[in-house]
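J.: Fold the stuff below for me.
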Amino acid sequence: MEYSLHLAILATLGVAVAAFMRLSRRVRERALSRGKGLLLYLGVTLSPAFLLIAFGLLMVGIEEWSGVLLVPELFARGFLLASALCLIIAVLAFISFAVCMALMKVPAAPSMKEERRK
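T.: Sure thing, here's the model as predicted:
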């Protein structure tokens, strides 16, 4: 159970890197607009942090309701720190993606006259 916090942090990093590569390529290929890419990236990078928070709160709620010890002491101590770290990683990754999208040179869409000639 104590390794689940480490896995959540690694998942946040992995998802952020994979989404950065995939969405920046889709924006560069004009398959996705910059605004939609930013919103999609924000949702994808925040999902591991929100899943960790939901899992932790669910475990604590079940423990309080049933009276059975489900949450080990190490998990309880590191839960807030790991949740905050996942959120910080996601926000910093989103800021870096937004800066890259602002600086990215996207080729212009073909004009209507060029499409009619073909």
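J.: how much space between the residue positioned nearest the centre of the chain and residue 76?
T.: For the chain, residue 45 is the residue whose C-alpha lies nearest the centre (Cα atoms, centre = their mean; 0.5 Å). Between residue 45 and residue 76 the computed distance is 26 Å (Cβ to Cβ, to the nearest Å). Where C-beta positions appear, they are placed from N, C-alpha and C, glycine not excepted.
J.: coming back round to it: now do the same for the closest residue to the residue nearest to the centre of the chain other than its chain neighbours: helix, strand or coil?
T.: The shortest distance from residue 45 to any non-neighbouring residue, by Cβ to Cβ, 6 or more residues apart in numbering, is to residue 90 (4.3 Å). Recorded secondary structure, residue 90: helix (DSSP: H, G, I helix; E, B strand; the rest coil).
J.: So residue 90 versus residue 27, what's the distance?
T.: According to Cβ to Cβ, residue 90 and residue 27 sit 19 Å apart.
J.: what number of residues lie near residue 15?
T.: 19 (other Cβ atoms under 10 Å).
J.: Go ahead and confirm it touches residue 48.
T.: Yes: counting by Cβ atoms under 8 Å, residue 48 is a contact partner of residue 15 at 5.6 Å.
J.: Relative to residue 7, how far out is residue 17?
T.: Distance from residue 17 to residue 7, by Cβ to Cβ: 15 Å.
J.: what do you get for residue 98?
T.: 27 Å.
J.: I'd like the distance between residue 53 and residue 16.
T.: From residue 53 to residue 16 the distance is 17 Å (Cβ to Cβ).
J.: So for the two, which sits in the more crowded spot?
T.: Shown here are residue 53 and residue 16; by other Cβ under 10 Å, residue 16 has more neighbours (22 against 18).
J.: dump the residue contacts of the residue nearest to that one when sequence neighbours are not counted.
T.: Setting aside the residues directly before and after it, residue 16 is nearest to residue 93 in space (Cβ to Cβ, 6+ apart), at 3.9 Å. Residues in contact with residue 93 (Cβ atoms under 8 Å, 6 or more residues apart in numbering) are 16, 20, 41, 45.
J.: go with 7 Å
T.: Residue 93 makes contacts with 16, 20, 45, as judged by Cβ atoms under 7 Å, 6 or more residues apart in numbering.
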